[in-house]
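Visitor: structure for the following, please:
(3 chains)
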Amino acid sequence: MKENWQLRGQELRRTIRIILSTPAGIVGAVIVVLLLACVVFAPFLAPHDPYLVSIENKLRPPSSEQWLGTDTVGRDVLSRIIYGSRYSLASGTIVVGIGIIVGSIVGLLAAYPGGRWGELIMRFTDIFLAFPTMLLAIALASTLGPSFLNSMIAISIVYWPKYARLVYGQALSIRERDYVKFAEVLKEKPVKIRMGHIFPNCSSALVVQATLDFGDAILFFAALSFVGLGAQPPAADWGAMLAFARKYMMLSWWTAVFPGIAIFVTVMGFNLLGDSLRDALDPQLRRLKEFKPIRFSWLGIPGLRKAIGK
Amino acid sequence: MEEKLLEVKDLSVAFNSYLGVAEVLDRISYSVDENQWLGIAGESGCGKTVSAFSLLKLLPEAAMIRNGEILFKGESILDKSEREMRKLRGGEISIVFQEPQSALNPSKRVGENIVESLRLHQGIRGEEAKRRAIQMLDLVKIPQPRVRFSQFPHELSGGMQQRVCIAIALACHPSLLIADEFTTSLDVTTQQEILKLVVDLQRQSTMSVLFITHDLALISECCDELIIMYAGQIMERGKVDRVFRNPSHPYTRLLLNAIPSISRKDEKLNSIDGSVPGLVNPPKGCRFHTRCKQKIPGRCDVVFPRETAIDETHRAWCHLLYT
Amino acid sequence: MDSIVSIRGLKKYFPVKSEALFGKTTWNKAIDGIDLEIQRGEALGVVGESGSGKTTLGKLILGLHAPTEGTIDYRGHDTGRMQSSVVFQDPFSSLNPRQTVFDIVKEPLESVRGTRRGQGFRQTILDILNLVGLSEEQMFRYPHEFSGGQRQRIAIARAIVAKPLFIVFDEPTSGLDVSVQAQILNLLKELKGNSDLSYVFISHNIGVVKYICSRIAVMYRGKIVETSGNQELFDNPLHPYSQHLLSAVPVIDETRMSKIIEFEAKAADEAAVSNGCIYYSKCPIRRDICREKPPQRFDATEGHSVYCWARELDQR
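Guide: So this is what the prediction gives:
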């Protein structure tokens, strides 16, 4: 089955090449790679201990010693931002992960074989979609009690219906394809048709939506942390940092601005990546779009193109 | 010598695509006389539709005209501005497409679709335009034209919609009608009726028809001359009965024997191995050589053969004919 | 005769919702009373124009639709092989783009043998692929790497691999070029050979049906109007619709536009003939009885039956 893997590898390289053929894709990819680097290498990248309180150093402005200054209890802002990437990525992964799993199961059950039960399931999903998302999440999180885990549960409950809708819509068109009809002629079990034929063909739409939502989920979590329902102090989390800095914003701008920028850049990075991923995975666009690879020397990164492979 | 209505000389068109540059047309030349039915036949990707669309300068943005010229009534089409082209399209040169439902504006009534074309090209408005539109509907043998005038396109069957498209195309008395697979989406019985209608209408006027189709049998029923294309090149050209009686290019011969027909007895179909080549990096020389059993190595795959005259109008392009 | 599928009084109505909010639901009679036998080892062609219900008939035979009325009996089924299989029209939608050729062809084998990983699958699949003209190195490729004709070969391999009793072909070559179509038709003829495999070949292309099939059924508006042996239908079509249809098929010859039989579309009140013959309004040889009673099956000769009052009365 070696050939199989080689072909998948080829496919992956082609996708990456298309993503890196637009400025938006490059910027998105760079941001996401930087974020991942922060998550993995936080202990090595952070210049100070993010939890070390030193009252005598409180509210120092950015300096050569502490690039982004210190917060109200003297903790290094840069280190806290680097560690905060872990919370952000974790929140995105958990929320989107639960969303995909629950949403896919619900969507697939509703779409295939369809009928009255499917309708009923989707109407139930629509009820969830009808609530204002932020209010529902805040209500749920405060009912469950403020903690990281509970905020994850709350956001996931708000998120899965979106994926259920997406999978349902995709599956509705896929179930009419002839390969599904062939499986029906074979009298395959519905579970096998869902998992073997329908779900794999929804997956590229899911990947794109997940990447786009990743940033959204991070933003959502930051908002919950900001109102005190997410990560709890002293956790190094961007939303919580913002909440703390709010009172001192006029006096010491750096405590608020830098976590804000971190959130902004991360969300933008995922959105840009998601957008170009959508272009790359859309077979229609792929065939029609005039393909003009950008010269990488233009970005000042000669050799990168070679590294990615032709 | 009849005057040439349309002349295409050495036309080469290429498309930019994700896979690279596709050489869609390779130095094709042909002409249409006044009052003539010319059929262009070929398989998918042979360039028959592109060659017609380039007459109207309706090519997609990714297309590049590499070489050649197109003369319509002695004037070069490629030099015309977009404004002049807009006057020409639907006026002097009209087109009927394969899918009538996508050619008609679904939110406008059948009559308004025709009136719009009359207003744009002939400046006819109001009651006069309505009268003319109903006249046109009657001409294409649509029953109850007054009722149909105020119906929406989706209320008509496919055959009736195609009749409306023909009415629009003929409303401005074009001298050239491009019929691009215009019966392909219809049932055989409807197809026959529509074809007969256009044949009758053509006989009543002085109009040439450029009939693009993949169905050689249809060409044999209505055309005077035909061109056989393959992968962007012209293989054979001539009067319909001559070409069908005496096909001179190996591709034409194979193609004629590959068509299952109800007049055949139980003989084996002649299949052509392989499939139509991609047009990005197409085969060199004669593009059919990759599937031709009689190819001459060192010649067919190197240069495109020169024109060989079989009789006064019948031409073929094949190395086998002059060795 | 050894019939493997026996269809009796088959009807399939689809609900058509009215555009008005609380409008009455009407019924689209896609199949409106069909009796048909599929014999072992025959190649049965079903021809008709769009809306004649030929594709719906194929789906009913495959069990993809439940009949509104009537029965379909399957006989001669043994375990270890497929009852029925199918090749669809569109080679781009009939293969799962996420599966390799190997996985695609393996699916019927797994399903029939009830195992997920039997030994010898690889060899069986390779043999089948060679049979349809594909090579070993193409076994682990994905559908998008193949041309339309090759994809249709894969679909044929998938259809025959589990040795079905009969295969339904739903316009298998109408998406292909003429030269490729000839390859596929020759392949189908070769595969069929003299085996006891039956074909149900649905197509609007009558030339193709004539090439492949031994018996042909002509459909019009949800009904079979004529069934006949292959050459017999072309030599001696009995139903006026069959005559009209055959006359409209374009043929390469020099007698331009002369042969089409034109029928005046007689404006007839459709509702008035709802009890009678479906072809009444267009029929050039209609009788009075045609508007009152639907025609019964009439066997003109052995193996050639027609549903037409005029023919029946003439011969009596």
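
Visitor: show me where chain B has strands.
Guide: B:4-17, B:20-33, B:37-41, B:63-72, B:75-76, B:93-96, B:176-180, B:208-213, B:225-230, B:233-239, B:307-309, B:315-317 (DSSP state E).

Visitor: where does the prediction get shaky in chain C?
Guide: C:1, C:18-21, C:77-79, C:115-119, C:253-274, C:316 (pLDDT under 70).

Visitor: list phi and psi for residue C:307.
Guide: For residue C:307, the backbone dihedrals (degrees, to the nearest 10) come out as phi -110, psi 80.

Visitor: returning to that earlier point: would you list the strands of chain B in JSON lines and tack on mean neighbour count and mean pLDDT?
Guide: Where C-beta positions appear, they are placed from N, C-alpha and C, glycine not excepted. Compiled in JSON lines, the strands of chain B are given as follows (neighbours: other CB atoms under 10 Å in any protein chain shown; pLDDT from 0 to 100):
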{"stretch": "strand B:4-17", "mean neighbour count": "19", "mean pLDDT": "88"}
{"stretch": "strand B:20-33", "mean neighbour count": "19", "mean pLDDT": "89"}
{"stretch": "strand B:37-41", "mean neighbour count": "26", "mean pLDDT": "93"}
{"stretch": "strand B:63-72", "mean neighbour count": "17", "mean pLDDT": "88"}
{"stretch": "strand B:75-76", "mean neighbour count": "11", "mean pLDDT": "88"}
{"stretch": "strand B:93-96", "mean neighbour count": "24", "mean pLDDT": "90"}
{"stretch": "strand B:176-180", "mean neighbour count": "23", "mean pLDDT": "92"}
{"stretch": "strand B:208-213", "mean neighbour count": "24", "mean pLDDT": "92"}
{"stretch": "strand B:225-230", "mean neighbour count": "25", "mean pLDDT": "93"}
{"stretch": "strand B:233-239", "mean neighbour count": "24", "mean pLDDT": "93"}
{"stretch": "strand B:307-309", "mean neighbour count": "14", "mean pLDDT": "91"}
{"stretch": "strand B:315-317", "mean neighbour count": "22", "mean pLDDT": "93"}
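
Visitor: nearest to chain A, of the ones you listed?
Guide: strand B:4-17 (5.1 Å; CB to the nearest CB).

Visitor: mind exporting the C-alpha coordinates of the closest one to CSV?
Guide: Taking Å, rounded to 0.1, in the frame of the first residue of the first chain, the C-alpha atoms of strand B:4-17 are listed here in CSV:
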residue,chain,number,x,y,z
LYS,B,4,-17.0,34.3,-48.8
LEU,B,5,-19.1,35.3,-45.8
LEU,B,6,-16.6,34.3,-43.2
GLU,B,7,-13.0,33.4,-43.4
VAL,B,8,-10.8,32.1,-40.7
LYS,B,9,-7.2,32.0,-41.4
ASP,B,10,-4.5,30.2,-39.4
LEU,B,11,-6.3,30.7,-36.1
SER,B,12,-4.4,29.6,-33.0
VAL,B,13,-5.9,29.9,-29.6
ALA,B,14,-4.4,28.9,-26.3
PHE,B,15,-5.9,28.8,-22.8
ASN,B,16,-4.1,29.5,-19.5
SER,B,17,-5.0,26.8,-17.1
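
Visitor: residues contacting residue B:187?
Guide: The contact partners of residue B:187, by CB atoms under 8 Å, 6 or more residues apart in numbering or on different chains, come to B:158, B:159, C:49, C:50, C:204.

Visitor: who in the stretch 1-150 of chain C is up against chain A?
Guide: The stretch 1-150 of chain C comes close to chain A at residues C:62-64, C:82, C:84-86, C:88-90, C:93-98, C:100, C:104, C:107-108, C:111, C:140-142, C:144, as judged by CB under 8 Å from any CB of the partner chain.

Visitor: what subset of these is buried?
Guide: Buried by 16 or more other CB atoms under 10 Å in any protein chain shown: C:62, C:82, C:84-86, C:88-90, C:93-96, C:98, C:100, C:104, C:107-108, C:111, C:140-142, out of these.

Visitor: now the closest residue to residue C:167 other than its chain neighbours: phi and psi?
Guide: In space, not counting the residues next to it along the chain, residue C:167 is nearest to residue C:85; the distance is 4.8 Å by CB to CB, 6 or more residues apart in numbering or on different chains. For residue C:85, the backbone dihedrals are phi -140, psi 180 (criterion: degrees, to the nearest 10).

Visitor: please work out how many residues are found near residue A:250.
Guide: Around residue A:250 sit 8 other residues, with neighbours defined as other CB atoms under 10 Å in any protein chain shown.

Visitor: residue ranges with poor pLDDT in chain A?
Guide: A:1-8, A:282-310.

Visitor: quick one, longest helix in chain B?
Guide: Longest among the helix segments of chain B by residue count, using DSSP state H, is helix B:188-204.

Visitor: what angle separates it from strand B:37-41?
Guide: Helix B:188-204 runs at 140 degrees relative to strand B:37-41, counting by axes from the mean of the first three to the mean of the last three CA atoms, to 10 degrees.

Visitor: quick check: mean pLDDT across helix B:188-204?
Guide: On average, the pLDDT along helix B:188-204 is 87.

Visitor: setting aside sequence neighbours, what's the nearest residue to residue B:263?
Guide: Leaving aside its sequence neighbours, residue B:263 sits nearest to residue C:251 (CB to CB, 6+ apart; 4.9 Å).

Visitor: the one you found in helix, strand or coil?
Guide: Following DSSP: H, G, I helix; E, B strand; the rest coil, we place residue C:251 in the coil state.
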